[in-house]
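Novice: What follows is a predicted structure for the sequence shown.
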Amino acid sequence: MSAQAQSAKQKALEAKRLKFQQELKQLNSLLFSDKKKEKNVISLVEDLSYKVSVRRNLIKVTNDQANLLTREINANQNEISSLRDQLTILKKEYSEMVVKSYKSKSEQSRVMFLLSSDNFKQAYKRLQYIKQYTDYQKEQGDLIKAKTIKLQELNTDLLRQKKDKDQLVAENRIAKKELEKELKEQDKLMSSIRKSMSSYASKIKQKQQEIEAIDKEINRLIREAIAASNKKAGKSSSSKGFALTPEAKLIAKNFVSNKGQLPWPVEKGVVKVRYGKQRSPIDPTLTINSNGVRIATERSTRVRAVFNGEVLAVTGQKYSNPTVLIQHGNYITAYRNLSKVYVKKGDQISAKQEIGEVFTNNEGQTMLGFSIFKDSKPQNPASWIYKM
């Protein structure tokens with residue numbers, strides 16, 4: 001059971017390691033491959049900070065794997081030593097038994113052993129003893145064979161484990177060198193930022209204010225839709241939740257049943273900004289409040305709906321790109337920062353249907369803002385989208 005538990009843990013760690021490796025590949029592809037476009041310092045630091053965090057996660061998971069392998073190697077070595085001791089004892093006992101059997105192997109000796117019985121019951125018992133002794137000999141031979149095979153298997157596992165550990169250690173050594181390079185680059189960028197921190201801080205605040213303005217507009221549209229649904233159903237317009245028809249209730253139920261399994265709103269992407277409050281990588285005194293996630297993706301990437309629903313609104317403010325809101329019962333998904341929109345209010349949408357295209361700025365950044373709301377309350381998209 002202990003071995004099975006360790007094996008399961010090793011598989012889980014390997015899955016995490018591969019995930020972080022894949023994420024680093026995507027980061028390099030999406031954020032660090034376009035050398036023609038010059039990013040501003042804020043974007044560079046944000047991208048590099050995220051890459052450093054992923055690299056650190058990869059190093060930690062690889063370390064955990066190597067440490068677990070070390071424990072497994074030690075356990076295997078102890079078991080191999082124990083099996084060798086058992087085999088030595090078994091072989092000694094077996095050889096003594098074979099010698100003893102050889103000395104009394106003649107059929108005449110067995111017959112005399114039976115005929116010298118005092119009565120039939122004693123003869124029967126002696127016959128049983130002979131059979132049991134023969135069976136025991138066979139069992140001991142089989143046991144030696146089984147333990148020898150197990151010893152060979154453990155030796156093979158041990159060699160594989162040592163090879164795997166050496167590979168992990170070598171990979172981690174390379175990863176640590178890459179991390180050192182990235183940290184030096186990060187320090188260099190931060191040094192240039194510190195000279196005019198107030199200027200950069202004001203830019204971050206301005207960006208946050210623009211995002212909050214979009215959040216406010218989305219919240220207004222959702223509250224208006226909630227009020228309209230309640231008015232239509234003859235309920236109080238002050239209600240904070242949607243008044244749902246039977247069909248809308250079914251859509252909402254199906255949406256909830258797919259929690260954690262919903263497809264990504266883009267085919268390829270990495271989450272650069274996660275849900276909730278977080279410190280700015282530029283100025284730790286500033287807090288970024290995110291009602292959803294921001295996904296870095298490729299230029300000209302098409303956005304797709306994560307579930308069946310109806311387009312609630314298509315909106316865009318003076319200084320922001322269009323946002324599409326799709327209603328799924330009393331759940332809303334929001335897709336921000338689009339350059340093109342393929343749908344309009346009232347359209348019926350199916351899962352994975354293309355609804356627009358992500359905007360790419362002058363620095364070559366293609367970033368989709370994605371949010372999920374239950375009525376007007378924001379949800380963490382990582383809890384809903386598959387492996388986010």
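Specialist: Received it, and whenever you're ready, just let me know what you need.
Novice: Just give the number of residues close to residue 365.
Specialist: As a burial measure, residue 365 scores 23 neighbours (other C-beta atoms under 10 Å). All C-beta spots, glycine's among them, are computed from the backbone N, C-alpha and C.
Novice: how much space between the nearest residue to it once chain neighbours are set aside and residue 347?
Specialist: Nearest residue to residue 365, sequence neighbours excluded (C-beta to C-beta, 6 or more residues apart in numbering): residue 43, at 6.3 Å. Distance from residue 43 to residue 347, counting by C-beta to C-beta, to the nearest Å: 34 Å.
Novice: Now do the same for the one helix or strand the residue nearest to residue 365 maps to: mean pLDDT, whole number.
Specialist: Element membership for residue 43 (DSSP states H and E) is helix 41-103. Averaged across helix 41-103, the pLDDT comes to 84.
Novice: In terms of secondary structure, what does that helix contact?
Specialist: helix 2-31, helix 120-194, helix 197-232, strand 270-273 (3 or more C-beta pairs under 8 Å, 6 or more residues apart in numbering; DSSP states H and E).
Novice: ok, now with 7 Å
Specialist: On a contact count with 3 or more C-beta pairs under 7 Å, 6 or more residues apart in numbering; DSSP states H and E, helix 41-103 meets helix 2-31, helix 120-194, helix 197-232.
Novice: pLDDT of the last one, averaged?
Specialist: Meaning helix 197-232. The pLDDT scores in helix 197-232 average 88.
Novice: Could you check it and say which residues are buried?
Specialist: Applying a neighbour-count criterion of 16 or more other C-beta atoms under 10 Å, one finds 200-201, 204, 208, 211, 214-215, 217-218, 221-222, 225-227, 229-230 buried in helix 197-232.
Novice: Relative to residue 62, which of these is nearest.
Specialist: Lowest distance from residue 62 to the buried residues of helix 197-232 (C-beta to C-beta) belongs to residue 204, with 33.2 Å.
Novice: Residue 191 versus that closest one, what's the distance?
Specialist: Noted for residue 204: a distance of 18 Å to residue 191, by C-beta to C-beta.
Novice: Now do residue 229 against residue 362, distance only.
Specialist: For residue 229, the distance to residue 362 - C-beta to C-beta - is 41 Å.
Novice: If you could redo that for residue 210, that was the one I meant.
Specialist: Distance from residue 210 to residue 362, by C-beta to C-beta: 16 Å.
Novice: looking at the chain, which helix or strand does the model trust least?
Specialist: Every helix and strand in the chain was compared by mean pLDDT, DSSP states H and E; the lowest is helix 107-115, with a mean of 62.
Novice: for the residue lying closest to residue 236 once chain neighbours are set aside, what are its contacts?
Specialist: Distances taken as C-beta to C-beta, 6+ apart place residue 230 nearest to residue 236, at 6.2 Å, with adjacent residues excluded. Residues counted as contacts of residue 230 (C-beta atoms under 7 Å, 6 or more residues apart in numbering) are 236-237, 239, 243.
Novice: now these: which count as buried?
Specialist: By 16+ other C-beta under 10 Å, the contacts of residue 230 give residue 243 as buried.
Novice: JSON lines for the contacts of residue 230, including pLDDT, secondary structure and distance to residue 370?
Specialist: As requested, the contacts of residue 230 are exported to JSON lines (pLDDT from 0 to 100; DSSP: H, G, I helix; E, B strand; the rest coil; distance: C-beta to C-beta, whole Å):
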{"residue": "236", "pLDDT": "78", "secondary structure": "coil", "distance to residue 370": "32"}
{"residue": "237", "pLDDT": "72", "secondary structure": "coil", "distance to residue 370": "29"}
{"residue": "239", "pLDDT": "83", "secondary structure": "coil", "distance to residue 370": "27"}
{"residue": "243", "pLDDT": "92", "secondary structure": "coil", "distance to residue 370": "26"}
